[in-house]
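[1] Predicted model and sequence follow; I will ask about them next.
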Amino acid sequence: MAFWAMVAHETDNGVALVREEVGDDFLGPGTVTIKVHYSSANFKDGLAITPRGGVVRNYPIIPGIDIAGEVVASESADFAPGDAVIAHGYEIGVSHHGGFAELARVPAEWVVKLDGLSTREAAALGTAGFTAAMSVQALLERGLTPGSGPVLVTGATGGVGSVAVDILAGLGFEVVASTGKTDAGEQLAALGAKSVIGRLPEDPDAKPRPLGKAVWASAVDSVGGKSLAHVLSTIEYGGAAAISGLTGGSELPTTVLPFILRGVALIGIDSVNYPIARRRALWTRLGNDLKPQHLSELENYAPITEADTVLRAIREGKHSGRTVLGVAGEF
Ligand SMILES: C=CC(=O)SCCNC(=O)CCNC(=O)[C@H](O)C(C)(C)COP(=O)(O)OP(=O)(O)OC[C@H]1O[C@@H](n2cnc3c(N)ncnc32)[C@H](O)[C@@H]1OP(=O)(O)O
Ligand SMILES: NC(=O)C1=CN([C@@H]2O[C@H](COP(=O)(O)OP(=O)(O)OC[C@H]3O[C@@H](n4cnc5c(N)ncnc54)[C@H](O)[C@@H]3O)[C@@H](O)[C@H]2O)C=CC1
């Protein structure tokens, strides 16, 4: 069977994303075959087409860590043709062909049946939105309530950040959005941010303080680096930072003091190997009580053939919100 795909190839000059017609050998091993409606653009997809990006070991590969579409064949009793599904995480788009193609095949144990979401909405959320939901869920499980005080979201115009702002505001939290984009105030206020501040720390060259004035009840952080160290030193007693990313750096130059003097918790968020039962349960919440109220505002659209341009913007930190990559009918 032949189908169209965007295939990442290693070349002498780096990695090239090429539109081409491929055969069955580009369907991964698995029991569920999905007609892809949409994929999306994630920071990790940007790394997948970056030489030495650290996420893909063997090329050629069809990138696309999000696959949203309709089941066309299933050897699993859990899925039937016509089911609307999303699959993401595990090896998808890094060592198992992903969503930048008309067809994808994955193990049934990686597939989530959609409830309360269209395939387009699911792609608009995608891995980044799911990671935001995991972060919010982790803070709720730790006891955070809207009465606890302001919740900080860093990297707030990004995929993880913007969905986190939307979900938290929808739950009634006072959300403070931190962004380096000086023109993003209106957009973040429209998602529900109570106030918008610049990147943290305000003075990036200042010597980090082990403890600062405690101002945040908790935080959702996808930036990491010095920024996260600053955030940790300004979280209130018993609060937590749910951390998922490294756009500001993978090093964490902190001290033990926020943890041992204020009981602050650092909660690691990994969407990739999150167990399937919990993954399905959280997607159900994302279609229902955690459903972001401004998905259409934070969503952009591009045809899959423009994936390279969108991913370049993500790598350069110039991207905002979530970009759905249309697959069906776009080759
Ligand atoms: C959607 C999700 C995200 O966006 S996550 C953020 C994006 N991901 C990254 O930026 C990670 C990029 N990866 C890297 O930079 C490197 O792979 C590394 C620094 C994580 C490790 O590279 P290194 O060359 O130092 O070591 P190995 O590749 O030999 O791995 C060592 C050890 O770690 C295990 N491992 C590697 N990657 C992952 C991973 N993503 N998740 C879990 N574990 C990982 C690897 O299997 C090795 O363990 P071993 O027991 O020896 O097999
Ligand atoms: N742990 C997990 O399972 C997951 C981790 N991630 C990680 O989360 C991070 C964010 O992912 P996305 O939201 O998809 O990316 P994105 O590109 O949509 O957003 C990143 C945001 O960070 C901002 N940013 C860039 N450099 C910065 C800096 N030096 N300081 C402060 N902000 C900076 C950008 O302006 C942008 O708003 C990435 O590191 C990604 O790898 C994403 C999804 C899942």
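    Happy to help now that I have it. Residues are numbered from 1 along each chain as shown. Ligands and ions are numbered 1, 2, ... in the order given.
[2] Could you use CA atoms for every contact and neighbour count after this?
    Will do.
[3] Below-threshold pLDDT in the stretch 51-200 of the chain: ranges please.
    Confidence mapping of the stretch 51-200 of the chain against pLDDT under 70 gives zero matching residues.
[4] Can you pull the residues of it lying near ligand 2?
    Within the stretch 51-200 of the chain, the positions near ligand 2 by CA under 6 Å from any ligand atom are 127-128, 131, 155-161, 199.
[5] right, and out of the residues you listed, which lies closest to G268?
    When these are ranked by distance to G268 (CA to CA), T131 comes first, at 10.7 Å.
[6] Could you pull up the contacting residues of the residue nearest to that closest one when sequence neighbours are not counted?
    Counting by CA to CA, 6 or more residues apart in numbering, T131 lies nearest to S271, which is 5.8 Å off, once chain neighbours are set aside. Applying CA atoms under 8 Å, 6 or more residues apart in numbering, we find S271 in contact with 89, 127, 130-131, 134.
[7] coming back round to it: quick one: which two of the residues of the stretch 51-200 of the chain next to ligand 2 are the most distant?
    Farthest pair in these, by CA to CA: T127 and R199, 23.6 Å.
[8] Comparing these two, which shows the higher neighbour count?
    Each of T127 and R199 has its neighbours counted (other CA atoms under 10 Å); T127 has more, 27 against 19.
[9] For E70, give me phi and psi.
    Main-chain dihedrals, E70, degrees, to the nearest 10: phi -120, psi 130.
[10] So what touches stretch 209-220?
    With CA under 8 Å, 6+ apart, stretch 209-220 has contacts from 132, 135-136, 139, 144, 148-154, 161, 164, 230-231, 233-237, 239-243, 254-255, 257-258.
[11] do the same with stretch 228-238
    By CA under 8 Å, 6+ apart, stretch 228-238 touches 200-201, 208-219, 221, 241, 252-254, 257-258, 262-265.
[12] immediately after the longest helix seen in the chain, which helix or strand?
    The single longest helix within the chain, with elements called by DSSP state H, is helix 119-141. Counting by DSSP states H and E, the element after helix 119-141 in chain order, helix or strand, is strand 151-153.
[13] how far is that next one from where the chain is centred?
    The chain centre lies 17 Å from the centre of strand 151-153; the measure is CA atoms, centre = their mean, to the nearest Å.
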